[in-house]
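Asker: Can you look at this prediction? I've put the sequence above it.
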Amino acid sequence: MIDLPEHLQSLQVLANPWVMGAAGIAAVVEFFADKVAWLDSVWDGVHTFIRPVGGALLAHGGKAGARAVINTSPEPVTNVAMSTVEDVATAGLLYAVYEYPCAAGAIALVLLGLAIWLLLLARRIIKRIFGQPKETGGV
């Protein structure tokens, strides 16, 4: 529904009906695989190798999209600031994972909540920008 920027055109393949169909079939199989104990174990064993790759690709795509927005700013301050924030956050979270795993889990949940909130906010803004104008009564 929204045209992708030039550097994200490779994601257009996800809109292919074959990809959407395969994802739908996988969701149905997942639903039923969870109901059978031995099949659930096999399914989870296979996905132990698939899920991290998928998650990494999604995270990289999200980061690349955010960086693309930041890199379009004309001054260098936001680029340097964002890079520094990423470095500090990575080092801090890695330290927290090893020293305080429960706290790191809580931080991850907070960051997940923040990401969901930001996505919903972005959705609202995009709908406001590209949404249909409301009709007024009267001529």
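Answerer: Structure received.

Asker: Can you give the domain ranges for this structure?
Answerer: Following automatic domain parsing, the chain resolves into domains at 14-72, 76-129.

Asker: Mean neighbour count and mean pLDDT added to those domains, as CSV?
Answerer: (Each C-beta comes from the backbone N, C-alpha and C, glycine too.) Below are these laid out as CSV (neighbours: other Cβ atoms under 10 Å; pLDDT from 0 to 100):
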stretch, mean neighbour count, mean pLDDT
domain 14-72, 11, 78
domain 76-129, 11, 84
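
Asker: Please identify which helix or strand holds residue 102.
Answerer: If you go by DSSP states H and E, residue 102 is part of helix 101-130.

Asker: and if you look at residue 52?
Answerer: helix 37-71.

Asker: And residue 21, how far from residue 88?
Answerer: According to Cβ to Cβ, to the nearest Å, residue 21 stands 43 Å off from residue 88.

Asker: next one: residue 53
Answerer: 27 Å.

Asker: Which residues does the one helix or strand residue 28 maps to contact?
Answerer: Assigned by DSSP H and E, residue 28 belongs to helix 17-33. With contacts defined as Cβ atoms under 8 Å, 6 or more residues apart in numbering, helix 17-33 is touched by 13, 14, 39, 40, 42, 43.

Asker: All set now, cheers.
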